[in-house]
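K.L.:
predicted model follows, preceded by the sequence.
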Amino acid sequence: MRLCTLALMMTALLAGCNVAKTDFPVRAAAIQTEVEEMATNVTIVKLTADNVSAFSTPRNLSGSRTTMASPSWDYRVGVGDILDIVVWDHPELTMPAGERRTPEESGLRVQSDGTFFYPYVGQITAKGRTPEQIRADLTERLVEFIPDPQVEVRVVGYRSQAVSVTGEVKNPSRQPLTDVPLTLLDAIDAAGGLSEEADPRSVIVRRGGRSFTIDLQAFLEQGVGANNPVLQSGDVVSVPKLEVEEAYLLGQIVRPSTIDLTRENVTLTQALTRVGGLKEDSADARGIFVFRKTSTGITVYQLDASNATAYLVGTSFVLLPRDLVYVTSSPMHRWNSLISNLLPTLTTARVADDISAN
């Protein structure tokens, strides 16, 4: 929404500015003198084959490796779990399931104190133990009553532990943990999968008072195994909505539009090509400008494409989100006029964007 508002504001304000025509060559000193009265610092850079690499830094879109631990999973029984216990050759100690009763319905529930009652031996501690540990304890106690007891213990109702999956998934839900490890991808799939607006690169997992941002896309596309961790009881998975990142292309362009930079790096030449290029009958190829907000002000990059080989320079200049590309028409007015009219537009849009962000 913020980006949409910003784009509409820029388009509307630029449409009202008579700034389409420019004098060349651009004189940086004159421009700086004219904008000194504004609370904005302006840097002018003419892009050439010699300097373009210094001003172009592609964003790192490859997946980073999460720092969240992913320990091996060994299910431990908790309060509320249902246990099914079988003592072979001793049907009197085995809870009958019957045709109309499932093992879960006829099983033994772990009570709030973490124990369950079993004939002959009384209370058995279950909380925090694996089924194998419970079996060993029960076997040792039954030896006093049954020679060489053969005992089987299994969990038939997993009710004590779960993770929550929220945000941009089709069916936000609580996913129970079982003896089968539940990975991040498994949990999201069990919640119906990602919605169309989900951002798989910024999945948040909250664990033990800490939050971890995980690039699940890196696991899917690059096989970064750490980014598909095994979840633990109490984890909360939140899938955020994808925030579209765009650059704006205006002026003497065949199809003024926005370019989606969310999932890829796009160069200046690529962006111009995708919107049909410059208008042959009205664009001035010397006046391809990229306005970029920085921490110290605004930097304006100029590409003089009067020679077609300059587009090769453009293939090395990577656009960043919120860049504004503006193409002027045949020269009549001074470049200073272009800057003087565009900078208030950019400044106003920046203030509006900051307000909407708050």
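P.N.:
Received it, and whenever you're ready, just let me know what you need.
K.L.:
which sections of the stretch 1-150 of the chain are below the confidence cut-off?
P.N.:
Across the stretch 1-150 of the chain, the ranges flagged by pLDDT under 70 are 1-40, 95-101.
K.L.:
would you map the helices across it?
P.N.:
Using DSSP state H, counting those that start in this stretch, the helices of the stretch 1-150 of the chain run over 2-15, 28-35, 103-106, 131-142.
K.L.:
repeat that for the stretch 151-300 of the chain.
P.N.:
184-190, 216-222, 268-274.
K.L.:
pull the distance from the last one to the chain's centre.
P.N.:
Distance, stretch centre to chain centre, for helix 268-274: 26 Å (CA atoms, centre = their mean, to the nearest Å).
K.L.:
residues making contact with that helix?
P.N.:
Residues outside helix 268-274 that contact it (CB atoms under 8 Å, 6 or more residues apart in numbering): 247, 249, 253, 259, 266, 278, 288, 290, 303, 311-312, 314-315, 317-319, 325. Heads up, the C-betas are built off the backbone N, CA and C, glycines and all.
K.L.:
do the first one as well
P.N.:
Applying CB under 8 Å, 6+ apart, the set of residues contacting helix 184-190 from outside is 163, 165, 169, 173, 175, 194, 203, 205, 214, 216, 219-220, 227-229, 231, 237, 239.
K.L.:
now do 6 Å
P.N.:
The contact list for helix 184-190 (CB atoms under 6 Å, 6 or more residues apart in numbering) reads 163, 165, 169, 175, 228-229, 231, 237.
K.L.:
quick check: bridge partners of the residue nearest to residue 168 when sequence neighbours are not counted?
P.N.:
Closest residue to residue 168 apart from its sequence neighbours, by CB to CB, 6 or more residues apart in numbering: residue 198 at 3.6 Å. Residue 198 forms beta bridges with residue 241, as assigned by DSSP bridges.
K.L.:
quick check: residue 198 touching residue 238?
P.N.:
No: Residue 198 is beyond contact range of residue 238, at 10.7 Å (criterion: CB atoms under 6 Å).
K.L.:
of the two, who's got more company?
P.N.:
Neighbours were counted for residue 198 and for residue 238 using other CB atoms under 10 Å; residue 198 has more, 20 against 17.
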